[in-house]
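S.K.: requesting a structural model of the entry that follows:
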Amino acid sequence: MRILEFDEKRQAMRLHIESEDDLWLLHLILEKGDSVVAKTTRDVGLGKESRRVPMTIVLKVDYTEFQEFTNRLRIHGIIEDAPEKFGIKGAHHTINLDIGDEIIIIKQQWNKYVVDRLKKQASKRSKVLIALVDFDEYLIAIPYDQGIKILSEKSLKSLSEEEGVIEENANEITKELEIYISQYNPDAILIAGPGFFKEEVAKKLGNIIKNKKIYVDSVSSASRAGLHEILRREIIDKIMTDYEIAIGVKQMEKAMELLVKQPELVTYGIQQVKEASQLGAVQTVLVIEDFLSADEQQRLEIEKLLEEIESKKGEIILVPKESPIYYQLRNLTGILAILRFRIN
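M.R.: Model (predicted):
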């Protein structure tokens, strides 16, 4: 995402959309009553016939629709302004926002937490492709803020089937990785697995892909369990420190450990986290995304709380539905804080 302009007088922010995560974030921050200015197309009557015409409109937002890992955000609402000749003011309309588009968002008042969140998103550039490989199976995935997207998960020929299987399987994985590297253009590739086969795949890929950094690490299996394992590794910090999903997993593990050993350093529930925040005790807060798409009153309450935590140098981790820790956190009220010091 690029922030092209922020007019504080008009409370208008102009953005350029660069990724699926940008669309996901806009889905969370757009509220009913906001106005958006964007290019769109609409069927209009021209003489005796109807034709789909491109135009720029101002839309009063009613609600948004976004499906994880898609590249389109649908913004539904009422047309506030449009070219007079089409006579469509006051009509219902849906803007389809895609990667590469620009949009202007106008709010009554921008919340500081939301602005900071957009600035943080605009500063992100890292993208890593993860391949977990073993002699007879592999899994390829790419992490987003909204969760882990599994691109491919396949079984291969077993070693007992025929001679030369290792070479053949390594070639198959390498070819598929080439396709995804071309499609997603990651900044780095992480290849991990339980044996020496991962080095074989990394070597083959390195001979083909010269402009990408390839990392190699070990995990117990080339499966979804192995994927969750690799997210907890230090190598992830090294190559994808900006991805909150990896950070969130580690912080949740820390909170669970503290709940057993030092429970007074963890609190959960909106009221309890509020009280800790007022004392400046919140070091890290994990919060599920549902709170930012809840009813207006609860949303404002959470945004105000997060803004206060951030102002006191607390770390905020937004946990999406596709995160491995989403349901675990939801079962603990949806908001949990790790504290700097004990409070009564």
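S.K.: next up, the contacts around H228.
M.R.: Contacts for H228 (Cβ atoms under 8 Å, 6 or more residues apart in numbering) come out as 249, 324. (Glycine included, C-beta is placed from N, CA and C.)
S.K.: ok, it to M252 distance?
M.R.: From H228 across to M252, the span is 12 Å (Cβ to Cβ, to the nearest Å).
S.K.: swap in Q146?
M.R.: Per Cβ to Cβ, Q146 is found 17 Å from M252.
S.K.: model confidence for the residue lying closest to D134 once chain neighbours are set aside, exactly?
M.R.: Distance criterion Cβ to Cβ, 6 or more residues apart in numbering; nearest residue to D134, sequence neighbours excluded, is A222 at 4.0 Å. Note on A222: pLDDT of 94.
S.K.: gap between A222 and I209?
M.R.: A222 is 20 Å from I209, where distance means Cβ to Cβ.
S.K.: now do F196
M.R.: 20 Å.
S.K.: higher neighbour count, these two?
M.R.: Neighbours per residue (other Cβ atoms under 10 Å) separate F196 from I209, with I209 holding more: 16 against 9.
S.K.: pLDDT wise, what is the closest residue to that one other than its chain neighbours at?
M.R.: Among residues not flanking I209 along the chain, I181 sits closest, at 6.1 Å (Cβ to Cβ, 6+ apart). Residue-level confidence at I181 comes out at 94, pLDDT.
S.K.: so I181 sits against I214, correct?
M.R.: No: using Cβ atoms under 8 Å, I181 makes no contact with I214, being 10.3 Å away.
S.K.: rewinding a little: is it correct that the residue nearest to D134 is in contact with A141?
M.R.: No: A222 is beyond contact range of A141, at 11.1 Å (criterion: Cβ under 8 Å).
S.K.: any shared contact partners between the two?
M.R.: In contact with both A222 and A141: L132, using Cβ under 8 Å, 6+ apart.
S.K.: how much space between the spatially most distant residue from the centre of the chain and F86?
M.R.: In the chain, K48 marks the outermost C-alpha relative to the chain mean, sitting 46.3 Å out by Cα atoms, centre = their mean. Note on K48: its distance to F86, by Cβ to Cβ, is 16 Å.
S.K.: next: Y138.
M.R.: 53 Å.
S.K.: what about those two, which has more around it?
M.R.: Taking neighbours as other Cβ under 10 Å, Y138 and F86 compare with Y138 leading, 27 against 16.
S.K.: please name the residues that touch that one.
M.R.: Here Y138 is in contact with 131-132, 152-154, 156, 173, 222 (Cβ under 8 Å, 6+ apart).
S.K.: rerun at 7 Å
M.R.: 131-132, 154, 156, 173, 222 (Cβ atoms under 7 Å, 6 or more residues apart in numbering).
S.K.: neighbouring contacts of stretch 320-330?
M.R.: With Cβ under 7 Å, 6+ apart, stretch 320-330 has contacts from 68, 145-148, 228, 245, 248-249, 252, 286, 288-289, 319, 336.
S.K.: again, 10 Å this time
M.R.: 21, 24, 28, 68-69, 143-149, 224, 227-228, 231-232, 244-246, 248-253, 255-256, 268, 286-290, 317, 319, 332, 334-336 (Cβ atoms under 10 Å, 6 or more residues apart in numbering).
S.K.: what's the answer for stretch 153-165, then?
M.R.: 132-141, 166, 168-173, 176, 222-224, 227.
S.K.: which strand or helix spans K203?
M.R.: Using DSSP states H and E, K203 sits in helix 197-208.
S.K.: could you give me the average pLDDT of that helix?
M.R.: Helix 197-208 comes out at a mean pLDDT of 94.
S.K.: next structured bit after that helix?
M.R.: strand 213-218.
S.K.: what lines up beside that following strand in the sheet?
M.R.: strand 188-193 (parallel) (DSSP bridges).
S.K.: quick check: mean pLDDT across the partner strand?
M.R.: Computed over strand 188-193, the average pLDDT equals 94.
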